[in-house]
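**Student:** Provide a 3D model corresponding to the input given below.
(one chain, ligands or ions: 2)
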Amino acid sequence: MTDATHGDPHGSDRSLAAALHDLVTAIEPITGYRRVALRAALGQILAEPLSTPVSVPAHDNSAVDGYALRHADAGHVRLGIVGTAAAGHPYPGEIGPGECVRIMTGAVVPPDADAVVMQERVTIDGDVITPTQWPAAGNNIRRAGEDLQAGDRILDPGRRLTAADLGVIASTGRAELEVRRPLRVAFFSTGDELRGVGEPLGPGDIYDSNRYSLYGMLTNLGVEVLDLGVVKDEPDTLAGALAQAAHEADAIVTSGGVSVGDTDHLPTLLERHGELRFRSIAMKPGRPVTVGRFGTAWYFGLPGNPVSVMTTFTQVATPALRRLAGEAPRPARRLSVTTRSALGKKPGRQDFQRGRLVEGADGTLEVVSAGHQGSGVLRSMSEADCFIVLPVERGDVEAGEIVEVEPFTAPLVV
Ligand SMILES: Nc1nc2c(c(=O)[nH]1)N[C@H]1C(S)=C(S)[C@@H](COP(=O)(O)OP(=O)(O)OC[C@H]3O[C@@H](n4cnc5c(N)ncnc54)[C@H](O)[C@@H]3O)O[C@H]1N2
Ligand code: MOO
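**Tutor:** Ligands and ions are numbered 1, 2, ... in the order given. Got it, this is the predicted structure:
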């Protein structure tokens with residue numbers, strides 16, 4: 001058959017950046033909010049501005065175990081210990097000239113003291129110390145409010161809360177907060193060749209790996225997942241699965257069936273029963289990525305090749321799902337590093353090659369290729385820790401050239 005018969009839906013590929021900009025602009029975040037206990041907010045999206053009613057720390061306190069003293073006493077050889085301050089047990093009295101207070105890390109610094117000497121810097125004789133090295137005024141004192149000042153805005157709505165955020169919020173005494181309801185994402189694999197793990201394979205069959213990598217990426221994104229299994233390459237069956245998914249979820253992610261073969265029905269179904277926004281991007285792998293809407297649900301049709309699924313999920317679906325979930329924009333972090341490997345590249349598409357960051361001879365970061373770059377070689381993803389992002393117009397890259405990398409991230413660790 002000729003091109004005239006088939007046409008070329010990829011003929012005028014758009015850049016990923018332009019397509020994403022239009023897509024993210026078109027997406028309105030879901031609504032729906034709930035009040036949750038602090039721990040339940042981990043990985044959820046904050047829906048209110050958070051300010052702190054208290055300063056953190058609340059008081060000037062000691063950074064070390066030692067002795068709180070008056071800096072004006074710097075000439076004194078000997079200081080009498082008049083009391084003790086421990087965390088949670090402030091010293092209630094006053095400190096006069098030539099006096100000091102035994103103080104533990106975290107204890108409130110008595111109002112008369114203006115420096116703390118570490119206990120390793122004194123000699124002790126009964127109730128008397130002799131500093132062997134005088135601290136400068138203010139030394140070893142953590143000032144009230146040096147972390148947060150009462151009234152400070154600490155977090156903005158749209159933030160997906162991390163472990164560090166939970167700690168910061170707890171430090172202000174807050175027990176409950178308002179978060180957005182989680183995004184609900186239905187996903188399924190398409191393909192007559194697919195078998196579930198644990199099943200025997202017939203001739204030409206393969207195991208459905210995409211539903212596992214998708215499950216992992218969706219879960220790491222912090223959304224609620226609805227696994228609709230494997231759907232046959234049959235238009236009515238696919239239309240039924242899409243209708244069910246659109247009914248039950250805010251977004252649908254599928255793998256396979258978006259290219260131009262006789263069993264690739266999804267773009268046509270989207271045109272007929274939904275709204276097709278685009279079905280091709282100048283990216284590799286993942287060119288036939290297909291995006292649109294079914295009913296009220298946003299639809300992401302990821303090309304079936306296992307590496308294409310993971311690449312288009314991170315580069316296309318992730319920013320869109322984040323926006324839909326109500327998360328504030330978070331541009332991918334890219335770094336310029338030297339490539340130790342030569343990289344094959346044809347001009348025409350933006351490449352997302354798989355790489356591994358390594359330490360160069362002078363301690364700087366370098367990247368090596370994660371091996372065979374075929375879009376079916378999933379091992380290259382699992383061995384990689386970054387994408388090597390090569391611009392559309394670039395050709396081959398020689399070892400020693402500077403390239404951009406995008407490290408894979410574990411979003412909820414800190
Ligand atoms: N004539 C053309 N053919 C192809 C083009 C093109 O432009 N013109 N584009 C190629 C590109 S690029 C890609 S990517 C693929 C995408 O194809 P589909 O999305 O239609 O995916 P399938 O054909 O269904 O599958 C592709 C490949 O991946 C395997 N697969 C599918 N699902 C799974 C799964 N759940 N787990 C593991 N492996 C899966 C499938 O068996 C195929 O080998 O189209 C090119 N063709
Ligand atoms: O875009 Mo396809 O993903 O090159 O294999």
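
**Student:** Could you use CA atoms for every contact and neighbour count after this?
**Tutor:** Will do.

**Student:** For the longest helix that the chain contains, list every residue counted as buried.
**Tutor:** Longest helix of the chain, by residue count under DSSP state H: helix 235-248. Within helix 235-248, the residues that count as buried by 16 or more other CA atoms under 10 Å are 238-239, 241-243, 245-246.

**Student:** mind giving me the domain ranges of the chain?
**Tutor:** When the chain is parsed with automatic domain parsing, its domains come out as 3-30+183-325, 38-54+148-180, 61-142, 335-407.

**Student:** one step back: what's the distance between the longest helix of the chain and the middle of its chain?
**Tutor:** Centroid separation for helix 235-248 versus its chain: 31 Å, with CA atoms, centre = their mean, to the nearest Å.

**Student:** sorry, back to before: how about the domains of the chain, which one is nearest ligand 1?
**Tutor:** Nearest to ligand 1, of all the domains of the chain, is domain 3-30+183-325, at 3.2 Å by CA to the nearest ligand atom.

**Student:** The closest one - what's its average pLDDT?
**Tutor:** Domain 3-30+183-325 carries an average pLDDT of 94.

**Student:** Touching the host helix or strand of Gly355 from outside, list them.
**Tutor:** Element membership for Gly355 (DSSP states H and E) is strand 350-359. Strand 350-359 is touched from outside by 15-16, 282-285, 311, 345, 365-371, 373, 380-381, 383-393, with contacts defined as CA atoms under 8 Å, 6 or more residues apart in numbering.

**Student:** Note down every partner strand of the helix or strand hosting Val337 and its orientation.
**Tutor:** Val337 is part of strand 335-339 when elements are defined by DSSP H and E. Strands that pair with strand 335-339, judged by DSSP bridges, come out as strand 365-369 (parallel), strand 402-407 (antiparallel).

**Student:** Strand 350-359 and that strand, what's the angle between them?
**Tutor:** Relative orientation of strand 335-339 versus strand 350-359 (axes from the mean of the first three to the mean of the last three CA atoms, to 10 degrees): 80 degrees.

**Student:** How about residues contacting strand 335-339?
**Tutor:** 365-368, 398-406.

**Student:** now swap in stretch 153-168 and tell me
**Tutor:** Applying CA under 8 Å, 6+ apart, the contact partners of stretch 153-168 are 38-39, 41-52, 148, 326-328, 411-414.

**Student:** same deal with stretch 275-292?
**Tutor:** Outside stretch 275-292, the residues that touch it by CA under 8 Å, 6+ apart are 9-10, 13-16, 19, 258-259, 267, 270, 274, 293-294, 298-303, 307-309, 311-312, 348-352, 375, 392.

**Student:** filter those by proximity to ligand 2?
**Tutor:** Among the contacts of stretch 275-292, the ones lying near ligand 2 by CA under 6 Å from any ligand atom are 308, 375.

**Student:** of the contacts of stretch 275-292, buried ones?
**Tutor:** Buried by 16+ other CA under 10 Å: 10, 13-16, 19, 258-259, 267, 270, 274, 293-294, 298-303, 307-309, 311-312, 348-352, 375, 392, out of the contacts of stretch 275-292.

**Student:** Tell me which of the residues you listed fall in strands.
**Tutor:** Cross-referencing the buried ones among the contacts of stretch 275-292 against strands under DSSP state E gives 293-294, 298-302, 350-352.

**Student:** Which single one of the residues you listed is nearest to Tyr67?
**Tutor:** Nearest to Tyr67 out of these is Phe352 (CA to CA; 58.1 Å).

**Student:** With adjacent residues omitted, what lies nearest to the closest one?
**Tutor:** The shortest distance from Phe352 to any non-neighbouring residue, by CA to CA, 6 or more residues apart in numbering, is to Val389 (4.9 Å).

**Student:** what is that neighbour paired to in the beta sheet?
**Tutor:** Val389 forms beta bridges with Phe352, Glu404, as assigned by DSSP bridges.

**Student:** was I right about it contacting Glu406?
**Tutor:** Yes: contact criterion CA atoms under 8 Å: Val389 and Glu406 qualify, at 7.0 Å.

**Student:** what about the helices in the stretch 201-350 of the chain?
**Tutor:** Using DSSP state H, counting those that start in this stretch, the helices of the stretch 201-350 of the chain run over 210-221, 235-248, 266-273, 306-312, 318-325.

**Student:** would JSON lines of those with distance to Thr172 be doable?
**Tutor:** Output for the helices of the stretch 201-350 of the chain, formatted as JSON lines (distance: least, CA to CA, whole Å):
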{"stretch": "helix 210-221", "distance to Thr172": "27"}
{"stretch": "helix 235-248", "distance to Thr172": "38"}
{"stretch": "helix 266-273", "distance to Thr172": "49"}
{"stretch": "helix 306-312", "distance to Thr172": "39"}
{"stretch": "helix 318-325", "distance to Thr172": "26"}
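
**Student:** which bits of the stretch 301-414 of the chain sit near ligand 2?
**Tutor:** Within the stretch 301-414 of the chain, the residues that sit near ligand 2 (CA under 6 Å from any ligand atom) are 305, 308, 375.

**Student:** Leaving aside the residues adjacent along the chain, what's closest to the second one?
**Tutor:** Using CA to CA, 6+ apart and skipping residues adjacent in sequence, the residue nearest Ser308 is Gly286, 4.5 Å away.

**Student:** Please apply the same query to Val405.
**Tutor:** Closest to Val405 by CA to CA, 6+ apart is Ile388, at 4.4 Å.

**Student:** Give the burial count for that neighbour, as a bare number.
**Tutor:** Number of residues near Ile388 (other CA atoms under 10 Å) recorded here: 29.

**Student:** correct me, but it touches Val397?
**Tutor:** No: Ile388 is beyond contact range of Val397, at 11.2 Å (criterion: CA under 8 Å).

**Student:** who touches the one residue in the stretch 101-250 of the chain that gets nearest to ligand 2 in this structure?
**Tutor:** In the stretch 101-250 of the chain, the residue that lies nearest ligand 2 is Asn210 (13.1 Å; CA to the nearest ligand atom). Asn210 makes contact with 189, 255, 304, 306, 309, according to CA under 8 Å, 6+ apart.

**Student:** With that, I have no additional questions.
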